[in-house]
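Student: I would like to see how this sequence folds:
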Amino acid sequence: MDQAGKISLSIIAAGVVITGLFWFREILAPFALAVFLWLVMDAFARRLHESIRFMPRWLALPIAILLVLAGMVAVVMVIVDSAAQFAGNASAYDARIAQAISETYALLGLTDPPTLAQLFERAGPGRFFAEVASALQSVISNAVFVLIFVGFLFAAQAGFPQKLDALFPDAEGRMRAASVMESIRESIEKYLWVQTIVSVITSVLSYATLKFIGLDNALFWSFVIFLLNYVPTIGSIVATVLPTLFALVQFESLWMVAAVFGGVGVWQFVIGNFLQPRMQGESLNLSTLVVLLSLAIWGAIWGIAGMFLAAPLTVMVMIILAQFPSTRPVAILLSGDGKPAEGVAIPPRPSM
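Tutor: Below is the predicted model:
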């Protein structure tokens, strides 16, 4: 087959794969989340086993699983508590929004500003709440699937070496496959580990800042900041904008709003551009352009889950493509330094 035929076949194969990922997203997205959650638990157990010499592996693993599950339960409790607090202050927020609408109309020289009830009626509350209920149902259903997948992954983990031996009978092919999987595992584990530490530091400092300023539900917003920091490049921007928009609702003074924006933005900028690159070291080798494209592509295929997993999924694809001469040029284009088999730091966040 000539070069043009190979390129055409590669394009068709890529289109088939992308179509399959989209059509089976309800199964594949939870499974991908389960794989990464399994990697987090397994890496956590390994670190416990290596850090505490007297702790055996069989004890470190259940401790790691319980700690991760406890963190997930704590997240749910924070959301429930924050929802109650938002509901308790709803009347004050309604008044502030109505005041902001009137002030905006007056500033633009317009008359007869609509009431909040009129805006709410135009927005179609029935359809809105139906979509919210559907989204919550989807989140709960996916969480159940993710936990089921994680359990089966741990159960099947013991048989992975035997399956690898069966798939690659020759020693050279087996060693190469093991090396590729180990490279992918190390890159993803280090990325997730560093992102978790960086997200914890950023959210704790942001919580202290928001609490000092007096923003309502500071714990909830710090949790939102923690989650959004897993989305590369644009996550830190959205994590700064959301509490700022809420500050516009809560505070009448623009100085307080600016304090929220500046307080969260400073931590995002300093940690994202100075601390994170030093901690990240050599883990992912993706340029900023590739990260943005991967966010758009994986987000279109798998939605929010795809955006959270965009960077590690892309580096996994890059490492696999780098192993074959026919697809190595694509891996080189995806990489940041032209060495797709060798990981380096993910690009720093953009300046706020």
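
Student: check contacts around residue 55.
Tutor: Applying Cβ atoms under 8 Å, 6 or more residues apart in numbering, we find residue 55 in contact with 48-49, 63. In short, each C-beta sits where N, CA and C put it, glycine included.

Student: format the residues you listed as JSON lines; extra columns: secondary structure, pLDDT and neighbour count.
Tutor: Putting the contacts of residue 55 into JSON lines (DSSP: H, G, I helix; E, B strand; the rest coil; pLDDT from 0 to 100; neighbours: other Cβ atoms under 10 Å) gives the following:
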{"residue": "48", "secondary structure": "helix", "pLDDT": "84", "neighbour count": "17"}
{"residue": "49", "secondary structure": "helix", "pLDDT": "82", "neighbour count": "18"}
{"residue": "63", "secondary structure": "helix", "pLDDT": "90", "neighbour count": "15"}
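
Student: and which of these is nearest residue 169?
Tutor: Of all the contacts of residue 55, residue 169 sits closest to residue 49, with 31.8 Å by Cβ to Cβ.

Student: one step back: could I get the contacts of residue 55 as JSON lines with distance to residue 336?
Tutor: Putting the contacts of residue 55 into JSON lines (distance: Cβ to Cβ, whole Å) gives the following:
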{"residue": "48", "distance to residue 336": "33"}
{"residue": "49", "distance to residue 336": "33"}
{"residue": "63", "distance to residue 336": "37"}
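
Student: now do the helices in the stretch 51-200 of the chain.
Tutor: Remark: helices assigned in the stretch 51-200 of the chain by DSSP state H, counting those that start in this stretch are 57-88, 90-107, 116-122, 125-156, 160-167, 171-213.

Student: for the stretch 201-350 of the chain, same thing?
Tutor: Along the stretch 201-350 of the chain, counting by DSSP H, counting those that start in this stretch, helices occupy 218-228, 235-250, 254-270, 276-280, 288-302, 304-308, 310-321, 328-334.

Student: would you tell me which of these gets closest to residue 90?
Tutor: Nearest of the helices of the stretch 201-350 of the chain to residue 90, taken as Cβ to Cβ: helix 235-250 at 10.8 Å.

Student: single out the most deeply packed of the helices of the stretch 201-350 of the chain.
Tutor: Highest mean neighbour count among the helices of the stretch 201-350 of the chain (mean count of other Cβ atoms under 10 Å): helix 310-321, with a mean of 22.
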